[in-house]
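**Q** have a look at this fold, sequence not included:
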RNA sequence: CGCGGCGUGGAGCAGUCCGGUCAGCUCGCCAGGCUCAUAACCUGGAGGUCAUAGGUUCAAAUCCUAUCGCCGCAACCA
């Protein structure tokens, strides 16, 4: 019995005070490609997602709507998962931080950190707004002439007892960790950012308690306080794999292989989180990946921008569910993965969306499938005679399946999804379209059916390779392409190794796709 | 001097880490070919001082310095 290597990955947990938007979807998409790729490569994958509910904003939002906070959270969690499922995000577990399972985990963890002597009681002094009932930073105080920007009332100096996590103690250990594990923070620009932040500003101890709040997790050693959101939010990464209730599962999957996060929360994941884990006697995660953001036409999507888009009828582009309904989940996935370089920022643009879809998916990939199938289905009884046992030929002299598979593989592992897709297009699918045009099988078939069959065989092989390489990106379409022919290897068992060489098949190839009038239904109907 | 990113033919980008094989890709435009295919496909063409100015080098989009312009984060928006 061989044991599969494990792969544990997470995405950032989201605040459910509004519906999932385009940016959160972007994060899940990249993570999903990684998870699907790892599964294909034989990893035992655990893909964790969830919602971060123990924040006052959530409680406030529920109150606004006249709902019980828990009911509100559960409903939002349902809505989030609805979107993720529609997008084919293949998560294994969805955590809600307001659920008891998570709270048990937090208490156990926080108690451990406390017992290990990394939490101490002190005082917090700062500028407090009675209207907001919260402390404001010195910067807010300075920039607003001592007034609360929301309430336009003077901020008052206030001191209250609190608990601190001794983050500063871990500063040197963190810097040493980054040094020893150069891949811990990806991409590299994020790492430079965090290192210089720590070196110039230093790490201060963090106030991890909030007083007098009902919504949240009580500190196990002092129920008068609830936990600061970050101190509980990060713990979802271990809750989901059984930190408090399934030791074996936890030991199997921890440490995480990769945490996908937005670049804005890098410091929490790269500094606070490893320190917390060490404080509780656990290992730090192996890697934190800070992806870029999605902008609309080069700008951030602000409230005012949203109003403007609504007037133009383009606001649907910000609502994942509406894009999926208007186009398809595959179109959605492809656009973002192709157009937005995951490590850096990307753009959503309605015209570009249609261009990318039509060019890559409709004209190149979908059309290639159509033109490959029509000749055998109309002239050769759906067969490709003479192909049994024959090793297909490359569609271009410079095409090298092994090289392409290796490139796509390394791009995917580095989360450079747009480059992976570009490589598939440039090295495989564009040449395949050119090949079929140059060889003119529609003419050849009139004189020599077998010769035409062999030409098309080479194109079918390109489609087979493309479908496998594209499987993590557009799983449904890739499957449809693969299953358009009688390849003996089951779809669920293909891996990138199967795409790394031109393969002979035992039997003559045959069209197995559903046909109407001798033609396949367009896989990606052009958007006009 | 808070931190980070970007500036490449009309548009959007890749290439920059590890200088030469680089000026590449998609769209758009012009001309032609083809007709198997989703009015799809293929070929050719026009169009670029690789932001600017210096420097290093036999050689710079690529390395160094400075300048200009745009953007993001910095404040619980991923």
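**A** Done, it's in. For clarity, every value in this text was computed on a predicted model and none was experimentally measured. Numbering: from 1, shown residues only, chains lettered A, B, ... in the order given.
**Q** show me where the stretch 301-450 of chain A has its helices.
**A** Using DSSP state H, counting those that start in this stretch, the helices of the stretch 301-450 of chain A run over residues A:303-312, A:320-326, A:329-339, A:350-356, A:367-379, A:401-413, A:417-424, A:430-439, A:441-447, A:449-470.
**Q** which positions within the fourth one qualify as buried?
**A** Judged by neighbour count (16 or more other C-beta atoms under 10 Å), helix A:350-356 contains these buried residues: A:353-354, A:356. Every residue, glycine included, has its C-beta placed from N, CA and C.
**Q** repeat for the fifth one
**A** Burial within helix A:367-379, assessed by neighbour count using 16+ other C-beta under 10 Å, is assigned to A:367-369, A:371-377, A:379.
**Q** now that helix against helix A:430-439, angle please.
**A** Helix A:367-379 runs at 40 degrees relative to helix A:430-439, counting by axes from the mean of the first three to the mean of the last three C-alpha atoms, to 10 degrees.
**Q** average pLDDT for helix A:367-379?
**A** The average pLDDT within helix A:367-379 is 96.
**Q** and if you look at the third one?
**A** On average, the pLDDT along helix A:329-339 is 94.
**Q** mind giving me the packing neighbours of that helix?
**A** Here helix A:329-339 touches helix A:22-40, helix A:320-326, strand A:346-348, helix A:350-356, helix A:417-424, helix A:475-482, going by 3 or more C-beta pairs under 8 Å, 6 or more residues apart in numbering; DSSP states H and E.
**Q** cool, and the fourth one?
**A** Using 3+ C-beta pairs under 8 Å, 6+ apart as the contact criterion, the neighbours of helix A:350-356 among helices and strands are helix A:329-339.
**Q** contacting residues for the residue of the stretch 301-450 of chain A found nearest RNA strand B?
**A** Residue nearest to RNA strand B within the stretch 301-450 of chain A (C-beta to the nearest atom of the strand): residue A:366, separated by 1.5 Å. Residue A:366 makes contacts with A:522-524, as judged by C-beta atoms under 8 Å, 6 or more residues apart in numbering.
**Q** so which bits of the stretch 151-300 of chain A are right by RNA strand B?
**A** A:189, A:192-193, A:196-197, A:200, A:229, A:261-265, A:292-295, A:298-300 (C-beta under 7 Å from any atom of the strand).
**Q** what residues does the stretch 1-150 of chain A have near RNA strand B?
**A** A:12, A:14-15, A:18, A:21-24, A:26-27, A:55-57, A:134, A:137, A:139-140.
**Q** are any of these buried, and which?
**A** The buried subset of those (16+ other C-beta under 10 Å) comprises A:12, A:14-15, A:21-24, A:26-27, A:55-56, A:140.
**Q** quick one: which two of the residues you listed are the most distant?
**A** A:26 and A:140 (29.5 Å; C-beta to C-beta).
**Q** just for chain A, where's the confidence low?
**A** A:1-2, A:131-134, A:138-140, A:142-145, A:148-152, A:297-309, A:312 (pLDDT under 70).
**Q** for it, identify the residue most remote from the centre.
**A** residue A:447 (51.1 Å; C-alpha atoms, centre = their mean).
**Q** for residue A:25, list the residues it contacts.
**A** A:83, A:87, A:320, A:332, A:336.
**Q** ok, so of the buried residues of helix A:350-356, who is nearest residue A:185?
**A** For the buried residues of helix A:350-356, the minimum distance to residue A:185 (C-beta to C-beta) is 30.4 Å, reached by residue A:356.
**Q** distance of the closest residue in space to that closest one that isn't next to it in sequence from residue A:314?
**A** Distance criterion C-beta to C-beta, 6 or more residues apart in numbering; nearest residue to residue A:356, sequence neighbours excluded, is residue A:335 at 5.5 Å. Distance of residue A:335 to residue A:314, computed by C-beta to C-beta, to the nearest Å: 15 Å.
**Q** neighbour-wise, which of the two wins?
**A** Between residue A:335 and residue A:314, counted using other C-beta atoms under 10 Å, the more crowded position is residue A:335 (24 against 15).
**Q** thinking the more buried one is in contact with residue A:354, fair?
**A** No - the criterion here is C-beta atoms under 8 Å, and residue A:335 misses it with residue A:354 at 9.3 Å.
**Q** mind listing the shared neighbours of the two?
**A** By C-beta under 8 Å, 6+ apart, no residue touches both residue A:335 and residue A:354.
**Q** chain neighbours aside, what residue packs nearest to residue A:250?
**A** residue A:242 is the one closest to residue A:250 (C-beta to C-beta, 6+ apart), at 4.6 Å.
**Q** tell me, how many neighbours does the one you found end up with?
**A** 19.
**Q** is any residue of stretch A:455-466 near RNA strand B?
**A** No - judged by C-beta under 7 Å from any atom of the strand, stretch A:455-466 stays clear of RNA strand B, getting no closer than 9.0 Å.
**Q** ok, residues contacting that stretch?
**A** In contact with stretch A:455-466 (C-beta under 8 Å, 6+ apart) are residues A:365, A:368-369, A:372, A:375-376, A:384, A:386-387, A:390, A:392-395, A:401, A:404-405, A:424, A:428-429, A:431-432, A:435-436, A:439, A:441, A:444, A:478, A:481-482, A:484-485, A:487, A:499, A:502-503, A:509.
**Q** give me the number of residues near the closest residue to residue A:372 other than its chain neighbours?
**A** With C-beta to C-beta, 6+ apart as the criterion, residue A:372 has its nearest non-adjacent residue at 4.9 Å, and that residue is residue A:459. Counted by other C-beta under 10 Å, the residues lying close to residue A:459 total 22.
**Q** residue A:394 versus residue A:459, what's the distance?
**A** 11 Å.
**Q** can you check residue A:179 too?
**A** Relative to residue A:394, and taking C-beta to C-beta, residue A:179 is found at 45 Å.
**Q** and the two? Which one has more around it.
**A** Neighbours were counted for residue A:179 and for residue A:394 using other C-beta under 10 Å; residue A:394 has more, 17 against 10.
**Q** so what's the more buried one up against?
**A** Per C-beta under 8 Å, 6+ apart, neighbours of residue A:394: A:400-401, A:458, A:502.
**Q** dump the residues you listed to a markdown table, plus neighbour count.
**A** As requested, the contacts of residue A:394 are exported to a markdown table (neighbours: other C-beta atoms under 10 Å):
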| residue | neighbour count |
| --- | --- |
| A:400 | 16 |
| A:401 | 21 |
| A:458 | 22 |
| A:502 | 19 |
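**Q** max pairwise distance over those residues: which two?
**A** A:400 and A:458 (14.4 Å).
**Q** return the most buried member of the helices and strands packed on helix A:329-339.
**A** helix A:22-40 (a mean of 23; mean count of other C-beta atoms under 10 Å).
**Q** from the chain's centroid, how far away is it?
**A** 3 Å (C-alpha atoms, centre = their mean, to the nearest Å).
**Q** report the buried residues of the next helix or strand after that helix.
**A** Remark: after helix A:22-40, the chain's next helix or strand is strand A:44-51, criterion DSSP states H and E. Buried positions in strand A:44-51, judged by neighbour count with 16+ other C-beta under 10 Å: A:45-51.
**Q** with distance to residue A:91 as added columns, please give those residues in JSON lines.
**A** What follows is the buried residues of strand A:44-51, written out as JSON lines (distance: C-beta to C-beta, whole Å):
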{"residue": "A:45", "distance to residue A:91": "10"}
{"residue": "A:46", "distance to residue A:91": "9"}
{"residue": "A:47", "distance to residue A:91": "5"}
{"residue": "A:48", "distance to residue A:91": "7"}
{"residue": "A:49", "distance to residue A:91": "4"}
{"residue": "A:50", "distance to residue A:91": "9"}
{"residue": "A:51", "distance to residue A:91": "12"}
